[in-house]
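Engineer: quick one: sequence and predicted model below, then my questions.
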Amino acid sequence: MKEIILKSVITCPNCGYLKEETMPEDSCQFFYECVNCKTLLKPKEGGCCVFCSYGSVKCPSVQKGQGCC
């Protein structure tokens with residue numbers, strides 16, 4: 001079985017700030033506030049969660065092949 005990566009770097013589309021975050025293993029995260037500019041990020045249209053939309057690594061559910069939470 002493939003190892004699930006739990007760390008992802010989120011890039012804020014508003015200010016470009018990068019921050020490494022730990023993803024929840026058992027749920028998707030639908031909102032994320034940029035610590036730099038305070039913009040509230042939501043998944044892009046058709047996106048699973050903020051990690052799938054703005055992260056360097058897709059969320060654990062997608063990595064497991066289970067689709068969106």
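Structural biologist: Looks like it arrived, so ask away.

Engineer: from here on, contacts and neighbour counts on C-alpha atoms
Structural biologist: OK.

Engineer: please enumerate the helices of the chain.
Structural biologist: 50-54, 60-63 (DSSP state H).

Engineer: what sits up against the last one?
Structural biologist: The one in question is helix 60-63. 4-6, 23-28, 67-69 (Cα atoms under 8 Å, 6 or more residues apart in numbering).

Engineer: most surrounded residue in these?
Structural biologist: Counting neighbours by other Cα atoms under 10 Å, the top entry in the contacts of helix 60-63 is residue 23, with 21 neighbours.

Engineer: now the residue most central in space within the chain: how far from residue 7?
Structural biologist: Among the residues of the chain, the smallest C-alpha distance to the mean C-alpha position (Cα atoms, centre = their mean) belongs to residue 51, namely 1.1 Å. Computed as Cα to Cα, to the nearest Å, the residue 51 to residue 7 distance reads 10 Å.

Engineer: joint contacts of these two?
Structural biologist: With the criterion set as Cα under 8 Å, 6+ apart, the overlap between the contacts of residue 51 and residue 7 is 23, 57.

Engineer: quick one: the strands in this protein, in order.
Structural biologist: For the chain, the strands defined by DSSP state E occupy 7-11, 18-22, 32-33, 40-41.
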